[in-house]
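> prediction below, plus the sequence it came from.
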Amino acid sequence: LRGSKSFTAALPAEAERNGHGLAYKSVSVGHLEVAPLSPSRLSLGRASSTATSTVAPEQGRPRDYLVLAIFSCFCPVWPINVVALVFSIMSRNSGQQGDTDGARRLGRMARLLSIVSIILGTIIIVLYISLSVRGNKQ
């Protein structure tokens, strides 16, 4: 004989909700309610920083810096600004999935790469203009 994987438990409040007036509910082991994993456990990155943080969490969605990353794509530092755009999109996707820690981390990286790209692009443009003006004077 094979044993059953279901059991019956006395739940007084359930009797009123199920409409049968019985104080018992039969459930199978496969249908037990389990708390879902926290969003930080689903992240492939480092562990959650909320355990070490002493500041209260920010309200709202974390910033993804998409506009800054798109603006940095106009600078002549192609690999860096494309990676910044990818990190920004990944940050937006993580925020929409509920992983706020991952979204903040990816957003900070997108912001850093965008700023580096803008600074290096500005330096390259200034050098190019100054060298071309100097070359025309001679």
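Yes, it's here.

> can we go C-alpha only for contacts and neighbour counts from here?
Noted.

> quick one: contacts for the residue lying closest to Leu66 once chain neighbours are set aside?
Ranked by CA to CA, 6 or more residues apart in numbering and with sequence neighbours excluded, the top spatial neighbour of Leu66 is Ser88, at 5.4 Å. Neighbour list for Ser88: 64-66, 69, 106-107, 110-111 [criterion: CA atoms under 8 Å, 6 or more residues apart in numbering].

> ok, and the most crowded of these?
Ala110 (30 neighbours; other CA atoms under 10 Å).

> how about that one, secondary structure?
helix (DSSP: H, G, I helix; E, B strand; the rest coil).

> I figured it hits Ala69, correct?
Yes: with contact defined as CA atoms under 8 Å, Ala110 counts as touching Ala69 (6.9 Å).

> need the overlap of contacts for the two.
With CA under 8 Å, 6+ apart, Ala110 and Ala69 have common neighbours 84-85, 88.

> pick the one among those residues closest to Ile118.
Ranked by distance to Ile118 (CA to CA), the shared contacts of Ala110 and Ala69 are led by Ala84 at 10.9 Å.
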